[in-house]
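Visitor: just to be clear, the model below is a prediction. Sequence and coordinates:
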Amino acid sequence: MAETLRLRHSFLVRVTHWLTTFSFLALLVSGLEIVVSHPRFYWGETGNVNTPPLFTIPIASSRAAVPTGYGYVLPDQNGWSRYLHFQSAWVLIMTGLLYVAVGFFKGHFRRNLLPALSEVSFRRLAISMAQHLRFERPRAEEAWSYNVLQRLAYLLIIFVVFPLIIWTGLAMSPSFVSAIPAAVNVLGGQQSARTLHFFLTGALVIFLLVHVFMVVLAGFWSRLRAMITGRAAEPLERV
Amino acid sequence: MSKISRRQLITTGLATAAGASGLVVAEKLAGRYGLIPPDFGGIYGPGETLTYAAQRLLTRHSLAREFSRSQISRDPFANEVAPLGEPFHRLEQGAFSDWSLTVDGMVARPASFSLAELKSFPRRSHITMIQCEEGWSYIGEWTGVPLSHVLELVGTLPQARYVVYRSIQPDWWESIDMADALHPQTLLAHGMNDSELPVSFGGPLRLRVPRQLGYKSVKYITRLTITDNLKQFGKGLGSASPEGGYAWYAGI
């Protein structure tokens, strides 16, 4: 049967989705590489190899001064990692600002992401949660709108996790906090900001894994095509 | 596929032309107001330029956070340095009485100051954090003569734009722009936590630049050169850091 194609994702959503994807992956790789030079985390203002860590990641380090228990030192990759990290951060922030500004202007959040009030009930959330946990393949008409859990997850990532990870990142910049000291003071110190930045990265990685898993469950190629070309096949019932 | 209308074509064309000429104008202005870092070339140039320009526009005069005495780290970490050579050890045996700081370049009165002279100049102390690019940090009280005082003594010329500073370690040199060089917290530090600056922390003389990462606070300073052009130093990238793959501007 010939399929008819209909617009699923706007041009803005598609472009910002992929810019975010690539800049996030670059930030992740370079960020982990920077962690390798000091895989110890602290709480408060300061921390170094002479002070007890909050926790350590059991990996080798790219610095000989860090006690890791490994008998070797990894090569230093911080130069390009730091250049790439901050350049990607600029791409991410500008993409995010564009997405949020145009999204509000065009009613994208109200229309596509804000769940209906009737959906945000304990019962509806429990039903949606149960469907997800049974790995139910979404019904065809669901391909045209987001379910309540999905909407809440996207809103959480867009308006809570991303702003927090940008904030905690800026809170580590000595020059930025010289202008806005409160940015780091309210977090409890520069090392606290670093530790929070690391946990927020974890939250984004979990989101990415679940997101890709759900896309696979729903039909990887059709969803991927929709996010690239913007178009998706009409469900058969509608034709 | 949607057809591209004539109006869309004209609008897109105009927007592209406006964007392109906007970029050219922006680049001219950025160059004129000192918003372009010396390592602006290469694939990471755009990110570095955005960071440096944003910091210069927003934080030119802001002060690094200062802490209370009770927050001074009991266990600061000195970090490793390459083995100090014979010239350093000879000076160390003489209690650094022969240590000197040479100041040259775009100055009215090139000069050389002994450590004793530097210590007799007006002092300033601040309790600030030193943050390594690796992620660790400590807080210490740094005492020294503000770099701005020395720049004033030698009569820095108005066209000066950067201060290049060198360590007794031959391959260790850095530079900062005048915004950081004249910044009140930028010190030629000779004291730390109420005593002489220990050798492991950069004694007898370290340039403390508290609004940037630790690698800009070079240890064992012997020479300052004031210039309006960084191209003539090393590979022309501003300092040894970009030559080793690290960003020149480390305020992030």
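Guide: Sure thing, it's come through. Please read these numbers as outputs of a predicted model, since none were measured by experiment. Residues are numbered from 1 along each chain as shown, chains lettered A, B, ... in the order given.

Visitor: near chain B, which residues of chain A show up?
Guide: Proximity of chain A to chain B, by Cβ under 8 Å from any Cβ of the partner chain, involves residues A:34-35, A:37-38, A:40, A:45-51, A:63-65, A:78-80, A:82-84, A:86-90, A:172-179, A:181, A:184-185, A:190-191, A:194. C-betas here are computed from N, CA, C, even on glycine.

Visitor: need the contact list for residue B:166.
Guide: Contacts for residue B:166 (Cβ atoms under 8 Å, 6 or more residues apart in numbering or on different chains) come out as B:172, B:173, B:218, B:221, B:222, B:223, B:224, B:225.

Visitor: just the ones of those residues in strands?
Guide: Using DSSP state E, the subset of those located in strands is B:173, B:221, B:222, B:223, B:224, B:225.

Visitor: nearest to chain A among those?
Guide: residue B:173 (16.8 Å; Cβ to the nearest Cβ).

Visitor: contact partners for that closest one?
Guide: Applying Cβ under 8 Å, 6+ apart, the residues near residue B:173 are B:164, B:165, B:166, B:167, B:218, B:233, B:234, B:239, B:240.

Visitor: would stretch B:182-195 count as contacting chain A?
Guide: No: applying Cβ under 8 Å from any Cβ, one finds that stretch B:182-195 is not in contact with chain A, the shortest distance being 8.8 Å.

Visitor: what residues sit buried inside that stretch?
Guide: When burial is assessed from 16 or more other Cβ atoms under 10 Å in any protein chain shown, stretch B:182-195 yields the following buried residues: B:182, B:183, B:185, B:186, B:187, B:188, B:189, B:190, B:191, B:192, B:193.

Visitor: can these go into TSV with extra columns for pLDDT?
Guide: Shown next, in TSV, are those (pLDDT from 0 to 100):
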residue	pLDDT
B:182	97
B:183	97
B:185	98
B:186	98
B:187	98
B:188	98
B:189	98
B:190	98
B:191	98
B:192	98
B:193	97
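
Visitor: what about the residue nearest to residue B:128 when sequence neighbours are not counted, which SS state?
Guide: Sequence neighbours aside, residue B:210 is the residue nearest to residue B:128 in space, at 4.2 Å (criterion: Cβ to Cβ, 6 or more residues apart in numbering or on different chains). Using DSSP: H, G, I helix; E, B strand; the rest coil, the secondary structure recorded for residue B:210 is coil.

Visitor: next, give phi and psi for residue B:210.
Guide: Summarising the backbone geometry of residue B:210 under the convention degrees, to the nearest 10, its torsions are phi -70, psi -10.

Visitor: that one: neighbour count?
Guide: By the measure other Cβ atoms under 10 Å in any protein chain shown, the count of residues near residue B:210 is 26.

Visitor: is it true that it touches residue B:185?
Guide: Yes: the pair residue B:210 / residue B:185 is scored as a contact, 5.1 Å apart, by Cβ atoms under 8 Å.

Visitor: in strands only, show me the buried residues of stretch B:182-195.
Guide: Taking DSSP E, the ones among the buried residues of stretch B:182-195 that sit in strands are B:187, B:188, B:189, B:190, B:191, B:192.

Visitor: report the separation between the first one and residue B:100.
Guide: Okay, so that is residue B:187. 18 Å (Cβ to Cβ, to the nearest Å).

Visitor: partner residues bridging the spatially most central residue of chain B?
Guide: Here the mean C-alpha position of chain B is nearest to the C-alpha of residue B:176 (Cα atoms, centre = their mean), at a distance of 3.5 Å. Here residue B:176 sits in beta bridges with residue B:163, as judged by DSSP bridges.

Visitor: closest one of the contacts of residue B:173 to residue B:151?
Guide: Each of the contacts of residue B:173 was checked against residue B:151 using Cβ to Cβ; the closest is residue B:165, at 11.6 Å.

Visitor: mind checking which helix or strand that closest one is in?
Guide: According to DSSP states H and E, residue B:165 maps onto strand B:162-167.

Visitor: one more: residue A:34?
Guide: Secondary-structure assignment from DSSP H and E places residue A:34 in helix A:11-36.

Visitor: what's around residue A:79, how many residues?
Guide: With other Cβ under 10 Å as criterion, residue A:79 counts 16.

Visitor: could you look up the SS state of the residue lying closest to it once chain neighbours are set aside?
Guide: Closest residue in space to residue A:79, ignoring its immediate chain neighbours: residue B:245 at 2.8 Å, by Cβ to Cβ, 6+ apart. With three-state DSSP as the basis, residue B:245 sits in coil.

Visitor: check residue A:52 too.
Guide: Following three-state DSSP, we place residue A:52 in the coil state.

Visitor: again, but for residue B:251
Guide: Each residue gets one of three states, and residue B:251 gets coil by three-state DSSP.

Visitor: test my guess that it contacts residue B:215.
Guide: No: Residue B:251 is beyond contact range of residue B:215, at 11.8 Å (criterion: Cβ under 8 Å).

Visitor: compare these two (neighbour count), which wins?
Guide: Using other Cβ under 10 Å as the criterion, residue B:251 and residue B:215 rank with residue B:251 on top: 24 against 21.
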